[in-house]
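Participant: My questions concern the predicted model and sequence given below.
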Amino acid sequence: MPQYPREELEEMMERWLAANRRAEREGNWVKHLGAMYTEDAEYRWNMGPNREFIARGRKEIEDWALGAHMEGFEKWRYPYSNIVIDEKQGEIIGIWRQVAPTKREDGSDYEIAGVGGSWFRYGGGYRWSWQRDFFDLGNVKAIFMELAADGKLEAPVKRRLSKLARGQALPGVYPIIETPGLVKRLKGVLAMARIVLTGI
């Protein structure tokens, strides 16, 4: 991986945080974050033991990661609390919180517990070439259930959860065994194993 000046990575992160704050204020993630990815960037997150979200290329990131999957989360806040920069590998890890735009009756925030964050790989030109989000899926489900029980879960989120529960397709969500590229790699491994074991 190429090395980058630490100052450039720090500037990238400052630009990213500023863009996030604008997106939160305006409720438009695509407008403010889409241009911060390279054309061939990849964005992933895990959705449990059997599913993985994958967006390949800026268009899929804008349409799916920042578009379809952020419907219902336009006003959520994701304040960053910790940032770790590795200039030798050109990678950054940012730890963030997930806070709903509505409050409980006692005035407290609906906030997803546990650790959430993003692991970024810098692609130069003040753009990310790769990103993987991580969060505690059990705590996400718990907050969604609480919001639903209190009548405060946004309709687009309800629709997506309903589709997932019925096994219907969502954009960019793949069964882990069918993750793009994985089947091809597995076939290559099996072919190599056959050659080693049988000599043909």
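Facilitator: Here it is on my side, so go on.
Participant: quick one: the strands in this structure?
Facilitator: 37-46, 51-56, 80-86, 91-96, 99-103, 109-111, 116-122, 128-134, 173-175 (DSSP state E).
Participant: Pick the most buried one from those.
Facilitator: Of these, the one with the most neighbours on average (mean count of other Cβ atoms under 10 Å) is strand 116-122, at a mean of 20. C-betas here are computed from N, CA, C, even on glycine.
Participant: Nearest to the spatial middle of the protein, which residue is it?
Facilitator: In the chain, the centroid-proximal residue (Cα atoms, centre = their mean) is residue 133; its distance is 4.0 Å.
Participant: all helices of the protein, in order?
Facilitator: Here the chain has its helices, by DSSP state H, at 6-26, 29-33, 58-60, 137-149, 155-165, 182-198.
Participant: quick one, which of the ones you listed is nearest to residue 48?
Facilitator: Minimum separation from residue 48 across the helices of the chain (Cβ to Cβ) falls at helix 137-149, 5.8 Å.
Participant: angle of the closest one against strand 99-103?
Facilitator: 20 degrees (axes from the mean of the first three to the mean of the last three Cα atoms, to 10 degrees).
Participant: which parts of helix 137-149 are buried?
Facilitator: 139-140, 143-144, 147 (16 or more other Cβ atoms under 10 Å).
Participant: what's the most distant pair in those residues?
Facilitator: Taking Cβ to Cβ as the measure, the buried residues of helix 137-149 span a maximum distance of 12.6 Å, between 139 and 147.
Participant: Just send the strands of the chain back as CSV, with mean pLDDT and distance to residue 69 too.
Facilitator: Shown next, in CSV, are these (pLDDT from 0 to 100; distance: least, Cβ to Cβ, whole Å):
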stretch, mean pLDDT, distance to residue 69
strand 37-46, 98, 9
strand 51-56, 96, 7
strand 80-86, 97, 20
strand 91-96, 98, 16
strand 99-103, 96, 16
strand 109-111, 98, 19
strand 116-122, 98, 14
strand 128-134, 98, 10
strand 173-175, 93, 9
